[in-house]
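Engineer: kindly return the folded structure for what I paste below:
(3 chains)
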Amino acid sequence: MADKIKITIDGKEISVQKGSYLLDAVKKTGVTVPTLCHHKDLTPTGTCRLCLCEVEVRGRRKLVTSCNYPVREEIEVYTNSEPVVNHRKILAEMYLGRWPNVPAIKYVAEMCGITESRFTSNLTDENPQACILCGRCVRACREFALEKIIDFAGRGIKRHLTMPFGEVDPHCIGCTACAFVCPTGAIEIVDDLNHPLDPQMIRDHGMKVNAEMAVLDKDQCRMREVGTANIVDVMDAYDLLPVHNYQFGTHPETWRINSKMLKARYFTQGQADGCWKGCSMACAKTIDDFELKTGPYRGQKVCVDGPEYETAAGAANMGCFDADFLAEFNFYCDTYGIDTISAATTIAFVMESFEAGAITTEHTGGLELHFGATNETLELLHQMADGRGFGVDVGQGIRWLKQKWVKEYGADPDFLHDIGMESKGLETSEYVCKESLAQQAGYGMAIKGPQHDEAWLIFMDMVNNQIPTFEDKAEALHYFPLWRTWFGLMGLCKLCWNDVVPADNYATDEPHKIPEHVDNYFKFFEGMTGIELDESKMLDQSARVYNLQRVMCRMLGYGAREDDHMPYRAMGPVTVKEYESRAERYDKQLKEIIGVDPDGKITEERVGILRRYREDQYEKVMDAVYIRRGWTRNGVPKIERLRELGIDLPELVVIVEKDQE
Amino acid sequence: MCRPKMSQRSFTESAGRVMSKILMKDLASISTRINAEFKQYKAMLMVCTGTGCVAAKGFDVRDALSRAIRERGLQDTFLVVGTGCNGFCAMGPIVVVQPEGIFYQKVSEEDIPEIVAQHLIGGEPVERLMHRDPVSGAINRTMDEIKFFSKQQLIALRNKGLIDPENIDHYIARGGYESIRNVLESVSPDEVIKEILTSAIRGRGGGGFPAGVKWQSAKEAALERKETPYIVCNADEGDPGAFMDRSIIETDPHTVIEGMMIGAYAIGAKEGFVYLRKEYPLALVRLQKAIDDARACGLLGKSIMGSEFEFDIHIHRGAGAFVCGESTALMASMSGQAGEPRAKYVHNVEYGYRDKPTVLNNVETWANIPVIMDKGARWFASIGTGDVTDNPWGGSSGTKVFSLVGDINNTGLVEVPMGVTLRDIIYDIGGGILNGRAFKAVQTGGPSGGCVPAEKLDMPIDFDSLTEAGSMMGSGGMIVMDDRTCMVDIARYFVSFLMDESCGKCTPCREGLFSLYRTLTRICNGEGREGDIEFLEELAKTVNETSLCQLGGTAGNPVLSTIRYFREEYEEHIRNRRCPAGHCKALISYRISEGNCTGCTLCAKQCPVDAIAGEPKKIHVIDQDTCIKCGICYEVCRFDAVEVQ
Amino acid sequence: MIVVNERTRLEWRDGMTAQDVLDAMGYRFSLITVTINGEFVPKDDYDEHRIPDGADVRAIHLHHGG
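Structural biologist: Sure, this is the predicted structure:
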């Protein structure tokens, strides 16, 4: 991975990554080389020629632009040899002759030892904010905003910058990436449509993210390349991808629907979605000209908006490892207005129930709903939309189905409750939280139901081991739901918080919070409103709404301790088969954590021991979280808490006063 | 794609053949059949229809000849073939009667009846239309007797004047597609590369890079990254005065196709592109026809000649930019972007067209390939200069096509072995300087090259010696200049060309050329200053050494080479406000010498601004204030009475 | 013996690198921060940086869900 090469710069030896640009190495040795067209967050083009250095390769010397010269062999570099210095002088004269009053030019010319020029002509532009044709704006438009709106026109000395046909292009949304990178101020921002108090503050912080996307994304989450589908690959690798109704966390056929497959054979478009046209993350992906095989639009070629992680993981959950199915499922859910998560989790439940014999083809109207039954699943979807057959029932969701099947088909209620992945009536989203107590609570204790937009703590808990105690978990379950609710309230996307991460995030005090990015959001808020924010002010702002939501939830009958539980499938192995699929791990836990020797015990016994332990753990977490949140033992906001937040309105107090301790 | 109005369908007898798939075993029999057909004719009349002769009404000559023969009912006795460029463009339209080889020049429609009656029917060639040696005056009946032709060695142009470029059968009859057939049957791709390496053929487009090395690098990159490489033919030919590539395509498009096929086979490519400049409409017609015919015969596409080899070629048109002859700009243009070059620290053989390994070679380079594979690398390497046994850079092997233009008698296209001297080309082949004037310099290599003076006339022409002399081979343009050429103005001309063609991306080329142009203009206008020459030298060097691509990278050469060899001329302009060659308008005046003027009034009548006053039979006078120095009076005076001062 | 994320014990061997630890743990995610005894190890150095016996290795994953 790290192929290093030793090179010499002005006599100093330095080891650099093979293929890296020479200028980066030169900078590391402390040498300053004049540049104009170079920008740390843009692809270098080597057009200003100022960064020229002499390079000796295999005995021959040549001049190269260090900004984009890839170091591939052992070389000797001279940054200040006589030819270099002399050429730089003439180049500096050329710049000064053309644009004598531009500060960036004067600065660079002085660096080269030049204050006068023999190149003054009828083309000399006295404007101190003249465009110096460095081309940074063109690159920023392409690499930050992923557009192609500003570019050069005119050959040779007639070269100038323009938009197509010399007009202001309607595609330009004024993202100001071009102005941000312009070294002279030649690009002016003319409009601010919703009049923020301090637009510069918003731009400065937003631009940092744009720059990060241009430089870091391809080595981080690859949002521009494959969008959230990259998460399929990661979850499968860490045993967290829901498979067969959350029984397992990985599958040998995941490659059929992972980001590699989707990118290679399916995705045709990638750009910013309707959410924000200027977004440089551009995570939306689509599949053009996809021919549908079923349903009312059968035979037509359509554009599929997606798939995103959740839909792909939903397919895995249903055991349907087939990208054609995935695309069609995605399309029809969108077209019918059906949430893909709820549909997939519900159908996965139906499939497991079918395979366990809790329901039969008699109940399903003949549909053989095994895991992986792609055609039957699509048929079910069409039934749901049409309002016919078994689809009518399935469309009611897990909670309704459980009740019906127990009542009318005599199904085992304990089994169905254990495997029906819903809480508060909402189907669980597509992550296996079995091995993360914090995430179980993250799902179970979320106000709206098991949706991970309140908390996603699986890595912090399970992998990083950063929240080992109940108090640690409670702290995380206090902070993250509030933080995540907050930017949702602001109408800001979550992705630029932690789907790209600054290169130096590791060095911060709380890297899991991505503090620089959190600060960006505060600055967006302050730039808009003039109000300064910090963590504590933000948490208060959010907590007001969060607690209001909880009180309303209580009012609707879902907001107490008993409602904050998850089915056991979310917490541990329900069946013998599940236990035995990870026997080594569970036996180890029995021995090392619970202190019980699994030897000599049959699997059913071990399942029971583990279950009791885990359920007990969950209760303890709930206790800790309620305390941290300022709620009663029954999970209802205390009136002091409402008062503290300034929302102890009579309408709210009347709902919670009978729950107070 | 627009078709020019002069598009002419091939109309030789065999052209009506239904195109059917040719398998490997079929080539030989087709060749035999066509040659036998040719033998049935008493004579074949090869009428040159290269662009030069076409401009001189070559199509009309061909059509008139054909009509005349038909009218006499002799179409089974005499075959008229419109061929590509013969090379002797100064003497066009050209008709060669084969197999005798009788050479007719400057043929017009009016000459046709005489040719038919006297030569074809009567058996007596028409001396009036033959070439005369410019020095001895002797008549040269056949091509072999004409020095312009006899001193050449033809490889790339081996089929010139002998085939109809729009008839694939003619190419096959001359051994065409035999080379690729043999390669497909019994030579491995790596062996092909080895052969090309051994031939040491260096790029004919100007770069002089060994083609074999290029092919090998591309193939290695393709294998390593498991990617399919591309083949590209650079037919952008932008140098002023250069028309080698145009002629090769107009004369023998199939050799280019065959060369590209061999290259594709060698490196594992499936697609090839020809980037053809927009300004070559006839070449486009001929190349497209050749590609269409090759496809129809199964020589392009899948299962070529029944083998497993597949390859196809598409033509991509340029749009009027000299810089698109630069390989990375060319590929950008093909990709739909503005034709601007990029840094070449990572070469095209690694990341070229569509970021895939790409071999880009010039038209002439491709034209040589079938012959190299046929006659062998050692044969090819034995022609030329230097020792290329272990190292293709050790010399210049093979031949080179040069376009000889300017103040020379025999303007045209020649192909000679590397190592022939400038003197041979200019005096033997070129027939010496026009109007008997003195030789001053020859510009080689186009705007990237430099001027070579008389003292270097005995220099053998090859890549390295030209570079040492401050010029370069370039694509083969040779502009001969007589003593009335102002070298400062020549530098200015080339700089102005480059300034117009510079893409403008990098500062030294964009700003530097502009400044060079302004300075040279000032000098030519008599406003030169002390220190200008030093400034030009300094600036030209910086432009050369700091520009991003080879347009700027060689742009200083015209300036540097003219200063190197003709510094006094610059100094005359600057210090004495004089143009020794009598060219720069600001520095010359036209005066009528009283000694010679006969008062014929011709100059006064021709003067476009009525600057000449005078009565008939009286001395005429030029009004210096009105005179615009167009030089017409000088041209028309028959008494040498007009002097340039 | 080295400890990863204060929990998992791994057998140490001479010449063990940061990349070896990631491989042993099956950690393939792209947004990981590695520290060895509190010292940050850049990604480029994973397969060169040697781990001493008894080291406290943290491999912090940054991902927070879709």
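Engineer: okay, now the residue lying closest to residue B:541 once chain neighbours are set aside: neighbour count?
Structural biologist: For residue B:541, the nearest residue in space outside its immediate sequence neighbours is residue B:556; the separation is 6.2 Å by C-beta to C-beta, 6 or more residues apart in numbering or on different chains. To be clear about C-beta, it is placed using only N, CA and C from the backbone, and glycine gets the same treatment. The burial count assigned to residue B:556 is 31, neighbours taken as other C-beta atoms under 10 Å in any protein chain shown.
Engineer: now residue B:556: how far from residue A:140?
Structural biologist: Here residue B:556 is placed at a distance of 33 Å from residue A:140 (C-beta to C-beta, to the nearest Å).
Engineer: and if you look at residue B:185?
Structural biologist: When residue B:185 is compared with residue A:140 (using C-beta to C-beta), they lie 55 Å apart.
Engineer: between the two, who's got more neighbours?
Structural biologist: Comparing residue B:185 with residue A:140 by other C-beta under 10 Å, the one with more neighbours is residue A:140, at 29 against 10.
Engineer: can you tell me how far the more buried one is from chain B?
Structural biologist: 17 Å (C-beta to the nearest C-beta, to the nearest Å).
Engineer: show me the contacts for that residue.
Structural biologist: By C-beta atoms under 8 Å, 6 or more residues apart in numbering or on different chains, the contact list for residue A:140 reads A:39, A:42, A:177-178, A:180-181, A:210.
Engineer: mind running it again at 10 Å?
Structural biologist: When contacts are counted by C-beta atoms under 10 Å, 6 or more residues apart in numbering or on different chains, residue A:140 is found next to A:39, A:41-42, A:147, A:150, A:175-182, A:187, A:207, A:210-211, A:214, A:280.
Engineer: before we move on, what about residue B:109?
Structural biologist: With contact set as C-beta under 10 Å, 6+ apart, residue B:109 has these partners: B:57, B:60-61, B:63-65, B:67-68, B:93.
Engineer: chain A contacts on chain C?
Structural biologist: Taking C-beta under 10 Å from any C-beta of the partner chain as the criterion, chain C approaches chain A at residues C:4-8, C:19, C:25-35, C:40-49, C:58-66.
Engineer: flag every residue of the stretch 401-550 of chain B that's near chain A.
Structural biologist: Applying C-beta under 10 Å from any C-beta, one finds that the stretch 401-550 of chain B approaches chain A through B:498-515, B:517-519, B:531, B:535, B:538-539, B:541-543, B:545-548.
Engineer: hmm, which of the residues you listed are the buried ones?
Structural biologist: Listed as buried from those are B:498-499, B:501-515, B:517-519, B:538-539, B:541-543, B:545-548; burial here means 16 or more other C-beta atoms under 10 Å in any protein chain shown.
Engineer: of the residues you listed, which belong to strands?
Structural biologist: Counted as lying in strands by DSSP state E, out of these, is not a single one.
Engineer: the residue of chain C found nearest chain B: how many residues sit nearby?
Structural biologist: For chain C, the nearest residue to chain B under the criterion C-beta to the nearest C-beta is residue C:44, separated by 20.9 Å. Residues within reach of residue C:44, counting by other C-beta under 10 Å, total 14.
Engineer: give me every residue that touches residue 20.
Structural biologist: I went with chain A, as the question did not name one. Residue A:20 makes contact with A:3-5, A:69-72, C:44 under the criterion C-beta under 10 Å, 6+ apart.
Engineer: not quite, go with chain C.
Structural biologist: Shown in contact with residue C:20 (C-beta under 10 Å, 6+ apart): C:10, C:12-13, C:46-47, C:50-51.
Engineer: any regions of the chain where pLDDT drops low?
Structural biologist: Defaulting to chain A. Per-residue confidence of chain A (counting by pLDDT under 70) places the weak regions at A:1-2, A:191-192.
Engineer: actually it's chain C I care about, not the one you picked
Structural biologist: Counting by pLDDT under 70, chain C contains low-confidence residues at C:64-66.
Engineer: which stretches of it form helices?
Structural biologist: For chain C, the helices identified by DSSP state H occupy C:18-25, in order along the chain.
Engineer: quick revisit: you'd agree the residue nearest to residue B:541 is up against residue B:542?
Structural biologist: Yes. In terms of C-beta atoms under 10 Å, residue B:556 counts as a neighbour of residue B:542; the distance is 7.9 Å.
Engineer: common neighbours of these two, please.
Structural biologist: With contacts taken as C-beta under 10 Å, 6+ apart, residue B:556 and residue B:542 have B:508, B:512 as neighbours in common.
Engineer: number of nearby residues for the closest residue in space to residue C:30 that isn't next to it in sequence?
Structural biologist: In space, and not counting its chain neighbours, residue C:30 is closest to residue A:220: 5.6 Å by C-beta to C-beta, 6+ apart. One way to gauge burial is a neighbour count; for residue A:220, by other C-beta under 10 Å, it gives 20.
Engineer: how much space separates residue A:220 from residue A:518?
Structural biologist: In terms of C-beta to C-beta, residue A:220 sits 18 Å off from residue A:518.
Engineer: again with residue B:444
Structural biologist: To residue A:518, residue B:444 is 67 Å away according to C-beta to C-beta.
Engineer: which one of the two has more residues nearby?
Structural biologist: Neighbour tally, residue B:444 and residue A:518, criterion other C-beta under 10 Å: the higher count belongs to residue B:444, 25 against 20.
Engineer: can you pull the contacts of the closest residue to the more buried one other than its chain neighbours?
Structural biologist: Nearest residue to residue B:444 in three dimensions, chain neighbours excluded: residue B:471, at 4.9 Å (C-beta to C-beta, 6+ apart). If a contact means C-beta under 10 Å, 6+ apart, then residue B:471 has B:441-445, B:448-452, B:456, B:459, B:465, B:554, B:557-558, B:560-561, B:564-565 as its contacts.
Engineer: now residue B:471: phi and psi?
Structural biologist: Reported as degrees, to the nearest 10, the phi and psi values for residue B:471 are phi -120, psi -150.
Engineer: relative to residue B:237, how far out is it?
Structural biologist: The gap separating residue B:471 from residue B:237 is 19 Å, by C-beta to C-beta.
Engineer: in the stretch 151-300 of chain A, which residue sits closest to chain C?
Structural biologist: Residue of the stretch 151-300 of chain A nearest chain C, by C-beta to the nearest C-beta: residue A:228 (4.5 Å).
Engineer: test my guess that that residue contacts residue A:495.
Structural biologist: Yes. Taking contact to mean C-beta under 10 Å, the distance of 8.4 Å between residue A:228 and residue A:495 places them in contact.
Engineer: which one's more surrounded, these two?
Structural biologist: Residue environment comparison for residue A:228 versus residue A:495 gives the larger neighbour count to residue A:228, 24 against 19, counting by other C-beta under 10 Å.
Engineer: what residues are up against the residue of the stretch 401-550 of chain B found nearest chain C?
Structural biologist: In the stretch 401-550 of chain B, the residue that lies nearest chain C is residue B:548 (30.1 Å; C-beta to the nearest C-beta). Contacts of residue B:548 were listed using C-beta under 10 Å, 6+ apart, and they are A:45-49, A:65, B:326, B:328, B:340-344, B:503, B:505-509.
Engineer: ok, now which ones touch the closest residue to residue C:26 other than its chain neighbours?
Structural biologist: Spatial nearest neighbour of residue C:26, chain neighbours left out: residue A:237 (6.9 Å); criterion: C-beta to C-beta, 6+ apart. Residues near residue A:237 by C-beta under 10 Å, 6+ apart: A:249-250, A:254, A:258, C:26-29.
Engineer: what separation is there between residue A:126 and residue A:100?
Structural biologist: Per C-beta to C-beta, residue A:126 is found 7 Å from residue A:100.
Engineer: thank you kindly, that will do.
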